[in-house]
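[1] fold the following for me, if possible:
(one chain, ligands or ions: 2)
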Amino acid sequence: MAEKIGFIGLGLIGGSIAKAIRQYFPDYELLAFDKSKETLALAVQEGTIHTSCSSIDENFRGCSYIFLCAPIAYNTAYLTQLKDFLSPECILTDVGSVKTSIHEEVIRLGMEENFIGGHPMAGSEKSGFVNSKPVLIENAYYILTPSAKVLKEKVEAYRNFVEALKALPIILDYEEHDYVTGTISHLPHIIASSLVNFVHDTDTKDELMKSLAAGGFKDITRIASSSPIMWQQICLKNKKNISRILGDYIEVLKRAKDAVDEESEQQLYSMFEDSKDYRDSMPNSSAGPIKKRFALYCDIIDEAGGIATIATILASNNISIKNIGIVHNREFEEGVLRIEFYDETSSSKAAELLKKYRYIVYEV
Ligand SMILES: NC(=O)C1=CN([C@@H]2O[C@H](COP(=O)(O)OP(=O)(O)OC[C@H]3O[C@@H](n4cnc5c(N)ncnc54)[C@H](O)[C@@H]3O)[C@@H](O)[C@H]2O)C=CC1
Ligand SMILES: O=C(O)C(=O)Cc1ccc(O)cc1
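    Numbering: from 1, shown residues only. Ligands and ions are numbered 1, 2, ... in the order given. As a prediction, the model looks like this:
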């Protein structure tokens, strides 16, 4: 066996990372401790992990990576128990949605040389090992928050590891992480939950609102179905940022109310126009502008013959393909043909050409 990797908590995120490692590094030895014995039994039975641990024990000694993937307060609480099992080479990491609290505890316990915080910006409203899958982290940003005393070589190794698992590493300061995710992730979850509860509390006797809730409502409230314990802990641990952000956001809502009360045509139009322009400018794929890949996606009916036909169309128009293959990812769960090019011009030329041949092309 090559490397040994340990997991504490093997739910949606821990399970997805473990499955991605299994897929891309089949000779690595994986072991896990989870408070749920059923989860561990299933993970062994499915062949995701080799060893299930009934506590944080000797098995964790000699791991090259240890991933803390339980709800955040437990991750922090387990640091003390782990300390004795870490070799100087071990990279200790977590996947928690809040970073300052765990970094502060790492500093207090003198574990900075080992710790690099981690946060895959992927997930869903579902939870548990049963819902985990390797594609969950594919093409998703994976934020790394290195401790001040961790060696650059360790950060580089972790960054390469994340890339090998097909996610997109990005390095951030842990405090900046909590400020940014407070707005783009924690605030939306609070808005979604409070909006759903608002409908529940103000609905008519015969629950007309519940019955009639349409696409828009469902789009922006999907995440209200997320794990209550996870979001309770996020709000408790990122209290300062969330409180300030909520305060600012309430001011924005007040301004929207003023615009309605005052029948301000200009303000109302600007609000919807500005949001439309900005939302339309956001990249659809999580890869975003930071790491630009020139790829398009295309529906094909028959995999084998279909790929050959497309390759011929592109080659006969002097468009070189960098990579081609069927992918199943978060955006295209049913599977789609992904074609990657060397530059933007080739990608747009190919899209135009394939559309002419009546293919359904997605440029994301
Ligand atoms: N769900 C999401 O979309 C995302 C979650 N995260 C972070 O990932 C972490 C885990 O979240 P999920 O995988 O979604 O949750 P989950 O509920 O799917 O998995 C948590 C796992 O930890 C285990 N666990 C709970 N308490 C434990 C304890 N005291 N000791 C050992 N194991 C324990 C549970 O049995 C479960 O298997 C959280 O810290 C969360 O902030 C990060 C990115 C996305
Ligand atoms: O399902 C979604 O859209 C999410 O927002 C998932 C998510 C939840 C928590 C995180 O820390 C990161 C991503």
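
[2] residues near the closest residue to Thr51 other than its chain neighbours, how many?
    Taking Cβ to Cβ, 6 or more residues apart in numbering as the measure, Thr51 lies nearest to Leu31, with 3.8 Å between them; neighbours along the chain are not counted. The C-beta positions use only the backbone N, C-alpha and C, and glycine is treated the same way. The number of residues packed near Leu31 is 22, by other Cβ atoms under 10 Å.

[3] mind checking the SS state of Leu31?
    Taking DSSP: H, G, I helix; E, B strand; the rest coil as the rule, one finds Leu31 in the strand state.

[4] ok, now which ones touch it?
    Lys4, Ile5, Gly6, Phe7, Ile49, His50, Thr51, Ser52, Cys53, Asn59, Phe60, Cys63 (Cβ atoms under 8 Å, 6 or more residues apart in numbering).

[5] with Gly123 instead?
    Neighbour list for Gly123: Leu12, Ile13, Leu136 [criterion: Cβ under 8 Å, 6+ apart].

[6] who wins for neighbours among those?
    Within the contacts of Gly123, neighbour counts (other Cβ under 10 Å) peak at Ile13, which reaches 27 neighbours.

[7] ok, so of the contacts of Gly123, who is nearest ligand 2?
    Each of these was checked against ligand 2 using Cβ to the nearest ligand atom; the closest is Ile13, at 8.5 Å.

[8] which helix or strand contains the most centrally placed residue in the chain?
    Taking Cα atoms, centre = their mean as the criterion, Ala122 is the residue nearest the geometric centre of the chain, at 1.3 Å. Following DSSP states H and E, there is no helix or strand that holds Ala122.

[9] how close does it sit to Met230?
    14 Å (Cβ to Cβ, to the nearest Å).

[10] what's the answer for Ser264, then?
    Summarising the geometry, the distance separating Ser264 from Met230, computed by Cβ to Cβ, is 40 Å.

[11] how about Asn114?
    Look at Asn114 and Met230: by Cβ to Cβ, they are 25 Å apart.

[12] more crowded one of those two?
    Asn114 (24 against 20).

[13] okay, and the beta partners of the closest residue to that one other than its chain neighbours?
    Sequence neighbours aside, Leu92 is the residue nearest to Asn114 in space, at 4.3 Å (criterion: Cβ to Cβ, 6+ apart). Note on Leu92: beta-bridge partners by DSSP bridges are Ile66, Phe115.

[14] got the contact list for Leu92?
    Tyr65, Ile66, Leu68, Leu82, Leu86, Met111, Asn114, Phe115, Ile116.

[15] so how far is ligand 2 from Cys60?
    Just to correct that, residue 60 is Phe rather than Cys. 25 Å (Cβ to the nearest ligand atom, to the nearest Å).

[16] please read the previous query as pertaining to Thr48.
    Thr48 sits 21 Å away from ligand 2 when distances are taken as Cβ to the nearest ligand atom.

[17] that residue touches Leu30, doesn't it?
    Yes. Proximity of Thr48 to Leu30 meets the contact threshold set by Cβ atoms under 8 Å, at 6.8 Å.

[18] what's next to the host helix or strand of Gln266, contact-wise?
    In this structure, Gln266 is located in helix 265-280 according to DSSP H and E. In this structure, residues lying in contact with helix 265-280 by Cβ under 8 Å, 6+ apart are Arg255, Ala256, Asp258, Ala259, Val260.

[19] which of those residues ranks first by neighbour count?
    Using other Cβ under 10 Å as the neighbour definition, the contacts of helix 265-280 reach their maximum at Ala259, which records 17 neighbours.

[20] can you give me the pLDDT of that residue?
    What the model reports as pLDDT for Ala259 is 98.

[21] how about it: what's its closest non-neighbour residue?
    That would be Gln267: by Cβ to Cβ, 6+ apart, it lies 3.9 Å from Ala259.

[22] report how many residues lie close to that neighbour.
    As a burial measure, Gln267 scores 14 neighbours (other Cβ under 10 Å).

[23] so who does the most far-flung residue of the chain relative to its centre touch?
    Relative to the centre of the chain, the most outlying C-alpha is that of Glu262, 40.9 Å out, by Cα atoms, centre = their mean. By Cβ under 8 Å, 6+ apart, Glu262 lies in contact with nothing.

[24] show me the contacts for Ile17.
    When contacts are counted by Cβ under 8 Å, 6+ apart, Ile17 is found next to Phe7, Phe67, Cys69, Val95, Pro120, Ile137, Leu165.

[25] those in strands, which ones?
    Among the contacts of Ile17, the residues falling in strands (DSSP state E) are Phe7, Phe67, Pro120.
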